[in-house]
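fold the following and give me the result.
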Amino acid sequence: MEVMMTIMLISVVSISISILFAYLFGLHHHLFFNKNKSSTTAAAGPLPPGKMGWPLVGQSLHFMWAGWKGHPEKFVLDRVAKYSSTVFRTHLVGEKAAVFSGASGNKFLFSNENKLVKASFPSGIDKIFPSSTRSSSEEEGIKLRRMLHTFLKTEALRLYIGKMDRMAHTHFEEGWENKKEVVVLPLAKDYTFQLACRLFASVEDPQQVDRLSKPFNLLATSLFAIPIDLPGTPFNKGIKASKIVRQELVSIIEQRKIDLAEGKASPTQDILSHMLLTSDENGNFMQEFDIADKILGLLIGGRDSASVACTFIVKYLAELPHIYDGVYNEQMEILKSKSPGDPLNWEDLQKMKYSWNVACEVMRLATPVPGTFREAIADFSYKGYNIPKGFKLYWSATATHKNL
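Numbering: from 1, shown residues only. Okay, here's the model as predicted:
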């Protein structure tokens with residue numbers, strides 16, 4: 001019964017997180033506010049306080065070390081306290097950057113989207129995800145957002161619930177049952193990666209998933225590595241792994257084109273079919289390599305963010321018995337209302353109010369996406385400090401959530 005409860009909880013978390021955070025990877029937390037009162041004036045004043053750190057490396061090692069230790073907010077909050085400023089200057093993953101802290105800083109960035117700032121990735125991302133269209137990762141993210149609109153509607157999400165439920169059952173039977181001890185994160189990554197492969201590209205063959213998974217692990221760990229492209233560095237390994245994964249995806253895409261032409265695949269069965277059959281405003285269709293890059297981005301968002309969330313949910317349920325009991329009781333009530341063998345459905349998910357509140361609180365305490373980058377597209381002033389055009393701007397979700 002406890003395994004069933006866990007299956008149902010992970011399923012509801014996966015339906016909401018796997019699709020949502022894959023979308024957020026391409027969308028880059030593209031939020032908007034109706035009232036856009038800003039604290040800007042004409043660019044003037046000194047740069048924000050702070051240090052740039054070592055050449056090339058900057059303060060990236062401190063930044064990543066805080067994340068490895070499980071407290072990514074520490075990098076931000078320590079410097080906010082040191083400089084007595086809600087914005088400070090640093091150097092992260094090869095970029096000059098200003099870090100904005102607190103709800104007011106976040107709101108400033110979001111409300112000035114495409115006015116003073118734009119969504120951005122560190123420049124090294126474009127080396128890992130080279131586009132044959134010569135467009136930037138930010139431009140490709142905007143295209144992806146438009147394309148995914150259909151697949152993020154409630155009607156589309158309903159279709160995925162049964163598949164997720166069946167995969168969750170298989171996952172727990174093979175990886176959890178009759179085990180004295182399990183290491184949750186690797187198992188959660190396997191589950192969410194298999195789930196993402198199936199939902200985004202209908203890849204179900206275990207051997208094919210395995211061929212994607214091995215280089216994919218190297219790729220995922222390189223995304224925010226220091227962009228030094230020398231043999232043996234994580235960044236170099238990530239570039240090589242990206243080529244391997246992309247080649248595998250291109251073969252899948254080419255086979256799908258054949259299957260669509262022969263009527264063996266459906267135009268609406270997944271995002272891959274949609275990408276192949278959808279043209280832009282000029283009537284042009286995407287090339288195979290560009291589709292591969294977009295599917296690759298979705299797989300990253302669908303695996304890493306969801307697996308981290310699932311892992312921390314298990315952690316907090318184990319540490320807080322009274323919360324576990326509340327989730328367990330809610331899940332058992334839903335289970336009792338169903339016939340044996342009935343899969344989860346949309347109505348079941350709507351009943352999981354307490355479970356979803358727990359998942360949301362876990363994601364606040366252990367944010368799956370610790371923060372994202374913007375880029376200044378004009379010189380501007382914030383809180384009396386000058387932010388030069390071209391500076392990367394980092395906002396930290398974890399620091400905002402932990403700023404007590």
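
CA only for contacts and neighbour counts going forward, please
OK.

span of stretch 223-234 from start to end?
Stretch 223-234 has an end-to-end distance of 9 Å (C-alpha to C-alpha, to the nearest Å).

and the average pLDDT for it is what?
Averaging pLDDT along stretch 223-234 yields 82.

repeat for stretch 252-268
Mean predicted confidence for stretch 252-268 is 91.

next, the buried residues of it.
Ile252, Ile253, Arg256, Lys257, Ala265, Pro267 (16 or more other C-alpha atoms under 10 Å).

same deal with stretch 96-113?
Applying 16+ other C-alpha under 10 Å to stretch 96-113 flags 97-103, 105-113 as buried.

which residues are in contact with the nearest residue to Val87 once chain neighbours are set aside?
In space, and not counting its chain neighbours, Val87 is closest to Phe100: 4.7 Å by C-alpha to C-alpha, 6 or more residues apart in numbering. Residues near Phe100 by C-alpha atoms under 8 Å, 6 or more residues apart in numbering: Thr86, Val87, Phe88, Asn106, Leu393, Tyr394, Trp395, Ser396.

of the buried residues of stretch 96-113, closest to Pro49?
Using C-alpha to C-alpha, Ala98 comes nearest to Pro49 of these, at 9.4 Å.

tell me the helix or strand right after the longest helix belonging to the chain.
Counting by DSSP state H, the longest helix found in the chain is helix 234-261. Downstream of helix 234-261, the first helix or strand assigned by DSSP states H and E is helix 271-277.

list the helices and strands that next one packs on?
Helix 271-277 sits against helix 184-201, helix 234-261, helix 288-300, with contacts defined as 3 or more C-alpha pairs under 8 Å, 6 or more residues apart in numbering; DSSP states H and E.

hey, least reliable of those by pLDDT?
Mean pLDDT is lowest for helix 288-300 out of those, coming in at a mean of 86.

just the CA trace of that one, in PDB.
Presented in PDB, the C-alpha positions along helix 288-300 are these (Å, rounded to 0.1, in the frame of the first residue of the first chain):
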ATOM      1  CA  GLU A 288      16.500  17.500 -38.400                       C
ATOM      2  CA  PHE A 289      19.400  18.900 -36.400                       C
ATOM      3  CA  ASP A 290      17.300  21.800 -35.000                       C
ATOM      4  CA  ILE A 291      14.500  19.400 -34.000                       C
ATOM      5  CA  ALA A 292      17.100  17.200 -32.300                       C
ATOM      6  CA  ASP A 293      18.400  20.200 -30.300                       C
ATOM      7  CA  LYS A 294      14.900  21.100 -29.200                       C
ATOM      8  CA  ILE A 295      14.100  17.600 -28.200                       C
ATOM      9  CA  LEU A 296      17.400  17.500 -26.400                       C
ATOM     10  CA  GLY A 297      16.500  20.600 -24.400                       C
ATOM     11  CA  LEU A 298      13.100  19.200 -23.500                       C
ATOM     12  CA  LEU A 299      14.800  15.900 -22.300                       C
ATOM     13  CA  ILE A 300      17.100  17.900 -20.000                       C
END
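
now the strands for this protein?
87-92, 95-100, 117-120, 371-376, 380-382, 385-387, 392-396 (DSSP state E).

just flag the most distant two among the buried residues of stretch 252-268.
Ile252 and Pro267 (15.2 Å).

and stretch 81-95, what's buried?
Thr86, Val87, Phe88, Arg89, Thr90, His91, Leu92, Val93, Gly94, Glu95.

same thing with stretch 214-221?
Result for stretch 214-221 [16+ other C-alpha under 10 Å]: buried residues Pro215, Phe216, Leu218, Leu219, Ala220.

am I right that the first one is in contact with Ile239?
No - applying C-alpha atoms under 8 Å as the test, Pro215 and Ile239 come out as separate, 10.2 Å apart.

quick one: residues contacting His274.
His274 is in contact with Pro267, Thr268, counting by C-alpha under 8 Å, 6+ apart.

from Pro368, how far out is the residue nearest to the spatial centre of the chain?
By C-alpha atoms, centre = their mean, the chain has its centre lying nearest to Gly301, at 3.6 Å. Going from Gly301 to Pro368 by C-alpha to C-alpha gives 10 Å.

now swap in Ala201 and tell me
Remark: distance between Ala201 and Pro368 (C-alpha to C-alpha) = 23 Å.

that older thread, so the residue nearest to Val87 bridges to which residues?
Val87, Trp395 (DSSP bridges).

where does it land on pLDDT?
Phe100 carries a pLDDT value of 92.

over to Lys153?
Looking at Lys153, its pLDDT is 71.

since we're on Tyr75, how many residues are nearby?
Let me fix one detail, which is that residue 75 is Phe and not Tyr. 18 (other C-alpha atoms under 10 Å).

hang on, it packs against Leu61?
No - Phe75 is not in contact with Leu61 according to C-alpha under 8 Å; the separation is 10.3 Å.

what residues does stretch 201-220 touch?
Outside stretch 201-220, the residues within contact range by C-alpha under 8 Å, 6+ apart are 193-194, 197-198, 234, 237-239, 241-242, 244-245, 248, 269-273, 295, 300.
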